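Colleague: When you get a sec, could you give me coordinates for this:
(one chain, ligands or ions: 1)
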Amino acid sequence: MGNGIAHVAAQSGFSVTLIDISEEALSRAIATITKNLGRMVAKGKISDEDQANTLARITTSTSIEQGVKQADVVIEAVNENFELKKKIFQTVEASVSEHTILASNTSSISITKLAGVTKRPEKVIGMHFFNPVPIMKLVEIVNGLDTSKEVYDVIEQLSKDMGKIPVPVNDFPGFVSNRVLMPMINEAIFCVHEGVATPENVDEVMKLGMAHPMGPLRLADFIGLDVCLDILNVLYDGFKDPKYRPCPLLVKMVDAGKLGDKSGQGFYNYSKN
Ligand SMILES: NC(=O)c1ccc[n+]([C@@H]2O[C@H](COP(=O)([O-])OP(=O)(O)OC[C@H]3O[C@@H](n4cnc5c(N)ncnc54)[C@H](O)[C@@H]3O)[C@@H](O)[C@H]2O)c1
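Modeller: Numbering: from 1, shown residues only. Take a look at the predicted model:
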């Protein structure tokens, strides 16, 4: 997600510093951005010069303290782990200017809780991009309890300047996107668990009957079954409502390491053979 956000911001004319823990991770990110820009050149959507200018606007750093110094907006996209994000937010805050806005791309962690670990809760906001970032238009902008209207306005304009369509939501578990999507995916898994239909047939019903471009189980594999389980647990714990209980089949598949595309096996098989 981080390389996608950097790609789109740089292509929109912003100077970007991409930060990760190692030079290898940064090289992989730049290679991905270069490949994705190259694909756009091949399709005639941008010129060679646009590609070169976009890449020239991205610098990289393995030091958060150095990398964020000049930033007006920092968009955090580290792994979905509150303790890690807390550490990152506090490190970032110690190195940025007073006016700097701290945004998180979290899919499910409370923005209000993240804001609470900083001394500037009014300048903390969710910027929830969707995968793949260069293609998906939506940015769900998540207002924490104390996020100021001025900060919301800046982030709304920034999202538009990045060619995205911002939609404001308030900070509740799962925001809107995952609160609506994950129960549907979970119910699709229950259909397989209870023998109502095969994964292929569940997906076929939703594609042909509801005009979904991708069935819920194919989508779950794409997102990652571990990620789906984590988000369902956030909904379940956050609302204390049994309607969000993860299907036992989902729990079993994650325990078995069947995580979807990234592990080669989920509801479908993605191994090379
Ligand atoms: N994958 C998706 O479809 C998706 C969609 C929307 C939002 N998100 C959210 O975006 C965030 C990132 O997800 P992802 O799928 O890109 O994860 P990822 O595991 O692919 O990337 C996380 C990156 O953070 C880096 N990182 C970890 N610790 C770090 C540290 N201390 N300092 C600097 N960098 C560090 C890792 O090296 C890695 O490159 C999560 O909060 C996730 O919930 C993901």
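Colleague: Phi, psi for Glu200 please.
Modeller: Taking degrees, to the nearest 10, you get phi -60, psi -40 for the backbone angles of Glu200.
Colleague: next helix or strand past whichever helix in the chain runs longest?
Modeller: Scanning the chain for the helix with the most residues, using DSSP state H, yields helix 23-42. Going down the chain from helix 23-42, the next helix or strand is helix 48-56, by DSSP states H and E.
Colleague: And the contacts of the next helix or strand after that next one?
Modeller: With elements assigned by DSSP H and E, the helix or strand that comes after helix 48-56 is strand 58-61. Residues external to strand 58-61 that are found in contact with it (C-beta atoms under 8 Å, 6 or more residues apart in numbering): 6, 10, 15-20, 26, 29-30, 33, 67. C-beta here means a position set from N, CA and C on the backbone, and glycine is covered the same way.
Colleague: in the following helix or strand past strand 58-61, what's buried?
Modeller: Sequence order places helix 64-67 as the next helix or strand after strand 58-61, per DSSP H and E. For helix 64-67, a neighbour-count test (16 or more other C-beta atoms under 10 Å) marks 64, 67 as buried.
Colleague: Just give me how far helix 64-67 sits from the chain centre.
Modeller: 22 Å (C-alpha atoms, centre = their mean, to the nearest Å).
Colleague: Give the pairing partners of the very next helix or strand once past that helix; include direction for each.
Modeller: Per DSSP H and E, the first helix or strand lying C-terminal to helix 64-67 is strand 73-76. Strand 73-76 sits in its sheet next to strand 101-104 (parallel), going by DSSP bridges.
Colleague: Pretty sure Glu80 sits against Ser107.
Modeller: Yes: Glu80 is within contact range of Ser107, at 6.2 Å (criterion: C-beta atoms under 8 Å).
Colleague: who touches both of the two?
Modeller: Joint contacts of Glu80 and Ser107 (C-beta under 8 Å, 6+ apart) are Val227.
Colleague: Give me the more crowded residue out of these two.
Modeller: Ser107 (23 against 17; other C-beta atoms under 10 Å).
Colleague: Please verify my assumption that that one contacts Asn178.
Modeller: Yes: in this structure, Ser107 is within contact of Asn178 by C-beta under 8 Å, at 6.1 Å.
Colleague: what is in contact with these two at once?
Modeller: Ile231.
Colleague: Run the chain-centre distance for the helix or strand of the chain with the lowest mean pLDDT.
Modeller: Using mean pLDDT, DSSP states H and E, the weakest-scoring helix or strand in the chain turns out to be helix 225-239, at a mean of 94. On the basis of C-alpha atoms, centre = their mean, helix 225-239 is displaced by 15 Å from the centre of the chain it belongs to.
Colleague: how about it: buried residues?
Modeller: 225-236.
Colleague: CA atoms only: put stretch 166-179 into PDB for me.
Modeller: C-alpha atoms of stretch 166-179 as PDB (Å, rounded to 0.1, in the frame of the first residue of the first chain):
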ATOM      1  CA  PRO A 166     -12.800  11.100  -0.900                       C
ATOM      2  CA  VAL A 167     -15.800   9.900   1.200                       C
ATOM      3  CA  PRO A 168     -16.000  11.100   4.800                       C
ATOM      4  CA  VAL A 169     -16.900   8.700   7.600                       C
ATOM      5  CA  ASN A 170     -16.700   8.700  11.300                       C
ATOM      6  CA  ASP A 171     -14.400   6.500  13.400                       C
ATOM      7  CA  PHE A 172     -16.300   3.300  14.300                       C
ATOM      8  CA  PRO A 173     -15.000  -0.200  14.000                       C
ATOM      9  CA  GLY A 174     -14.500  -1.200  10.400                       C
ATOM     10  CA  PHE A 175     -15.400   2.300   9.200                       C
ATOM     11  CA  VAL A 176     -18.000   1.800   6.400                       C
ATOM     12  CA  SER A 177     -16.000  -0.300   3.900                       C
ATOM     13  CA  ASN A 178     -15.100  -3.200   6.100                       C
ATOM     14  CA  ARG A 179     -18.200  -3.000   8.300                       C
END
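Colleague: Alright, that wraps it up for me.
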